[in-house]
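**Student:** please find the sequence and the predicted model below.
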Amino acid sequence: MSSKLKFWIYLSPLFAFILLGVFLFGGLFSDPTKLDSALVGKPVPEFELPDLYAPDRSHNESIIGGRVVLLNVWATWCPTCYAEHTFLNELQSEQNVYIIGLNYKDYSRADAVQWLQELGDPYQISLFDQSGLLALDLGVYGAPETFVIDAEGIIRYRHVGDLNPRVWREEVGPVYYSLLDGQE
Amino acid sequence: MLNRAKQLSIFLAVLWAAFTAGYSFAQGEFYAFETAQQEQMFNELTRELRCPKCQNQSISDSDAPLAQDMRQLVYQMVMEGQSREQIIDFMKVRYGDFVHYQPPFQNSTMILWLGPIAVILIGILVIYFQAQGNKRQCANIEAEDLTPEEEQKINAILKNNADNSVSQASNTNEERT
């Protein structure tokens, strides 16, 4: 064996270590709780859910489509939903964003209604999903989650966690506004 | 006395029934099945499907409400007579490949499937080349690295050893005779 070859062979563990180091370093900053949605690019699943305020009124998938909407999954048992609520109110009142609320497995209808009356209601339509059926079809695994849905009713983006000015500016907002521009 | 015996036999009967009948428990929930196949499929699926909320727990392990819903759904689908693949696909459509503990073979999971094989192969190669190297090193000492004096010295030692062992052997022979 020439000494040059030997040199490289003895050095190879160092390169393997550096490669592994780079790989693991990347892993340090990835969030394992953020799952890729299997539903991005697919239409919103069919559903039939009662209105939050009026138990005898029901909505189905036809309320989606025709305009770009946000679908926000929330519940009164979810502290992060409380944190993002003020921002949702701002989005609705200041930027005129059309938001559909999906109340997900809440304690009771009354609790949810009281919450909206106290904190303000940013939702154009509020769905009441006590059993979590639509949420399950949407692949929801926690609250809050927000879906950006285009005018054809196709899910374009899913954000897990709270919406706040930073997330809106950097992630969700650009998707929403590019869809709005495309629509015009 | 009789009463006691009766109690005991009832207890044993209930115990027997609990072990043999098609029931399943997961997180304190109770599921009844019509056939043993259904029960087996339910148990397998709830252990193979991963809870999206509490990662690294199967839906059979987890006490999250979401896992509870998923167990209930798996139970319903098993009772409806849906196949294993149908149920897994149903979950994958909603939660992605993540939800199944057997990742599919594709570009992003290549390292997962081929990594261990690659490590074993590299290990075998390293051992092979090291063995080769050792052999060559031994050969080198004999053929090249010895000066004539060293060779003489070694020969002398070898000869000495041989004589010793011969004399030792003859010694023992003498002792025996």
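**Tutor:** Ah, there it is.

**Student:** residue 10: which element?
**Tutor:** I went with chain A, as the question did not name one. In the assignment (DSSP states H and E), A:Tyr10 maps to helix A:3-28.

**Student:** meant chain B actually
**Tutor:** helix B:2-20.

**Student:** same deal with B:Glu149?
**Tutor:** In this assignment (DSSP H and E), B:Glu149 forms part of helix B:148-176.

**Student:** mind checking how far the most centrally placed residue in chain B is from chain A?
**Tutor:** Centroid check for chain B by C-alpha atoms, centre = their mean gives B:Pro116 as the closest residue, at 12.5 Å. From B:Pro116 across to chain A, the span is 15 Å (C-beta to the nearest C-beta, to the nearest Å). Quick note: C-beta positions are derived from backbone N, CA and C, even for glycine.

**Student:** and the angle from the host helix or strand of that residue to helix A:3-28?
**Tutor:** Take DSSP H and E as the rule and B:Pro116 turns out to sit in helix B:110-143. Between the axes of helix B:110-143 and helix A:3-28, defined by axes from the mean of the first three to the mean of the last three C-alpha atoms, to 10 degrees, the angle is 160 degrees.

**Student:** domain map for the chain?
**Tutor:** Since no chain was named, I'll use chain A. Chain A breaks down into these domains under automatic domain parsing: A:1-30, A:48-183.

**Student:** ah, no, chain B please
**Tutor:** B:16-102, B:108-176.

**Student:** which of those domains sits most buried?
**Tutor:** Among these, domain B:16-102 has the highest mean neighbour count (mean count of other C-beta atoms under 10 Å in any protein chain shown), at a mean of 16.

**Student:** any residue of that one up close to chain A?
**Tutor:** Yes - interface with chain A: domain B:16-102 contributes B:52-53, B:55, B:65-66, B:69-70, B:73, B:92-98 (C-beta under 8 Å from any C-beta of the partner chain).

**Student:** residue contacts, B:Ile127?
**Tutor:** Not one residue lies near B:Ile127 by C-beta atoms under 8 Å, 6 or more residues apart in numbering or on different chains.

**Student:** how long is stretch A:70-81 from one end to the other?
**Tutor:** 15 Å (C-alpha to C-alpha, to the nearest Å).

**Student:** pLDDT averaged over that stretch - what is it?
**Tutor:** Across stretch A:70-81, the average pLDDT comes to 93.

**Student:** that stretch and chain B, are they touching?
**Tutor:** No - using C-beta under 8 Å from any C-beta, stretch A:70-81 stays clear of chain B, coming no nearer than 9.8 Å.

**Student:** the strands in chain A, which residues?
**Tutor:** A:48-50, A:58-60, A:69-74, A:99-104, A:125-129, A:145-149, A:155-160 (DSSP state E).

**Student:** please name the nearest non-neighbouring residue to A:Ala135.
**Tutor:** Leaving aside its chain neighbours, A:Ala135 sits nearest to A:Tyr104 (4.9 Å; criterion: C-beta to C-beta, 6 or more residues apart in numbering or on different chains).

**Student:** show the pLDDT at B:Met77.
**Tutor:** On the pLDDT scale, B:Met77 gets 92.

**Student:** report how many residues lie close to A:Pro50.
**Tutor:** Here the number of neighbours of A:Pro50 (other C-beta atoms under 10 Å in any protein chain shown) works out to 17.

**Student:** after the helix or strand bottoming out on mean pLDDT in chain B, which helix or strand is next?
**Tutor:** None of the helices or strands of chain B scores lower by mean pLDDT, DSSP states H and E than strand B:23-26, at a mean of 61. Scanning forward in sequence from strand B:23-26 by DSSP H and E, the next helix or strand is strand B:29-32.

**Student:** with just CA atoms, put that next one into CSV.
**Tutor:** What follows is strand B:29-32, C-alpha atoms only, in CSV (Å, rounded to 0.1, in the frame of the first residue of the first chain):
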residue,chain,number,x,y,z
GLU,B,29,-61.0,0.5,27.1
PHE,B,30,-62.9,-2.6,26.4
TYR,B,31,-63.3,-4.0,22.9
ALA,B,32,-65.3,-7.1,22.1
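
**Student:** name the helices or strands packed onto that strand?
**Tutor:** strand B:23-26, helix B:65-79 (3 or more C-beta pairs under 8 Å, 6 or more residues apart in numbering or on different chains; DSSP states H and E).
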